[in-house]
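Participant: Show me how the following folds:
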Amino acid sequence: MYVRDYAREYKNYHGTKEQLLNRCMRNKARRECEKQGRVAPGDGKHVDHRVPLSKGGTNDPKNWRVLTARGNLRKGNKLRSVVMKKFK
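Facilitator: This next block holds a predicted model:
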């Protein structure tokens, strides 16, 4: 009989330490942009990191930009130069 390991599933569901840290930084960027009035809850916009956190980018405000949800999801974690070449 299979016994489900809920503790292991819960731990794996939330991701690695790096993923948790990146999620925290993305949420911080969103909150800061909301304070500045650049985005609002439910407006369909995303705060994008020009150099993705997963590629070594920082959470500095100079690395943020506001994109539509579609544009940001299309970009993914690619650098802008790669995206521009792909969609030209």
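
Participant: got a list of contacts for stretch 50-62?
Facilitator: For stretch 50-62, the surrounding residues in contact (CB atoms under 8 Å, 6 or more residues apart in numbering) are 22, 25-26, 28-29, 32, 49, 63-65, 77-80. Where you see a C-beta, it was placed from the backbone N, CA and C, and this is true even at glycine.

Participant: switch the cut-off to 7 Å
Facilitator: Under the criterion CB atoms under 7 Å, 6 or more residues apart in numbering, residues 22, 25, 28-29, 32, 49, 63, 65, 77, 79-80 lie in contact with stretch 50-62.

Participant: How is the residue nearest to the spatial centre of the chain assigned, secondary-structure-wise?
Facilitator: Centroid check for the chain by CA atoms, centre = their mean gives Arg26 as the closest residue, at 5.1 Å. The assignment at Arg26 comes out as helix when based on DSSP: H, G, I helix; E, B strand; the rest coil.

Participant: and it, what pLDDT?
Facilitator: You'll see Arg26 listed with a pLDDT of 92.

Participant: One more: Asp43?
Facilitator: Confidence score, pLDDT, at Asp43: 92.

Participant: Spell out the secondary structure type for it.
Facilitator: coil.

Participant: what's the offset of the host helix or strand of Val66 from the middle of its chain?
Facilitator: Element membership for Val66, per DSSP states H and E: strand 64-68. Remark: strand 64-68 is offset 11 Å from the chain centroid, using CA atoms, centre = their mean, to the nearest Å.
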